[in-house]
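# Let me see the structure of the following:
(one chain, ligands or ions: 2)
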Amino acid sequence: MNISLRNVTKRFGQVTAIQDLNLEIGTGVFALLGPNGAGKTTMMKMLVGLLAPTSGQILVDGISLDSKQNIEKVRHIINYLPQEFGLYPSLKVAEELDYFAQLRGHQDFKRRTALIERLLNVVGLQEKKYVKVSTLSGGMRQRLGLPLLY
Ligand SMILES: Nc1ncnc2c1ncn2[C@@H]1O[C@H](COP(=O)(O)OP(=O)(O)OP(=O)(O)O)[C@@H](O)[C@H]1O
Ligand SMILES: [Mg+2]
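Numbers count the residues shown, from 1 in each chain. Ligands and ions are numbered 1, 2, ... in the order given. Below is the predicted model:
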């Protein structure tokens, strides 16, 4: 996957959150660091088409995020796991996965149970299966979010 930002500026009224940003992000891990208010969240929101830049162009795998159709296309190839993504803290880990699996249309109980077992193994939370989500560490909660993207 390749993400290009070309002369991207984003203003909120008088506030310029991002000014003339040029950036190429290729395959691999890319870390975006900056002080509070630097514009990181604003940039992430623009990359997934939740916010439009004031000026400049954003391309994801060559697709320019400048039309509804293109934004739809990109949403099929991009995943975004924010810091907060609406887990129910009072549910146990397996119940949480079960709930989201049902929302995704997995109706068959047996198959859903098998799916949850696989997902618990993939994210390494097998031993937390019957533990309340509220007691997980921040990183464990993020891991629990990964299968919810698919
Ligand atoms: N919807 C908005 N309306 C007005 N100003 C906004 C809006 N969203 C962000 N801003 C402003 O844009 C600037 C960048 O904010 P942003 O949330 O992108 O920063 P950040 O790098 O994610 O910060 P943090 O590390 O605190 O999460 C800040 O000055 C912020 O107040
Ligand atoms: Mg932020």
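
# May I have the secondary structure class of residue 19?
For residue 19, the assignment made with DSSP: H, G, I helix; E, B strand; the rest coil gives strand.

# Can you give me the distance of it to residue 66?
Separation of residue 19 from residue 66 (Cβ to Cβ, to the nearest Å): 20 Å. C-beta here means a position set from N, CA and C on the backbone, and glycine is covered the same way.

# For the chain, which segments count as strands?
Using DSSP state E, the strands of the chain run over residues 3-12, 15-25, 55-60, 63-64.

# can you redo the ones you listed as CSV with mean pLDDT, mean neighbour count and distance to residue 47?
Shown next, in CSV, are the strands of the chain (pLDDT from 0 to 100; neighbours: other Cβ atoms under 10 Å; distance: least, Cβ to Cβ, whole Å):
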stretch, mean pLDDT, mean neighbour count, distance to residue 47
strand 3-12, 98, 16, 6
strand 15-25, 98, 14, 9
strand 55-60, 98, 17, 7
strand 63-64, 98, 14, 12
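
# As CSV, those with distance to ligand 1 would be great.
Formatted as CSV, the strands of the chain follow (distance: least, Cβ to the nearest ligand atom, whole Å):
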stretch, distance to ligand 1
strand 3-12, 3
strand 15-25, 3
strand 55-60, 15
strand 63-64, 22
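
# Please name whichever of those is nearest to ligand 2.
strand 15-25 (10.4 Å; Cβ to the ion).

# and that closest one, is it in reach of ligand 2?
No. Against ligand 2, strand 15-25 shows no contacts by Cβ under 5 Å from the ion, the least distance being 10.4 Å.

# No further queries at this time; thank you.
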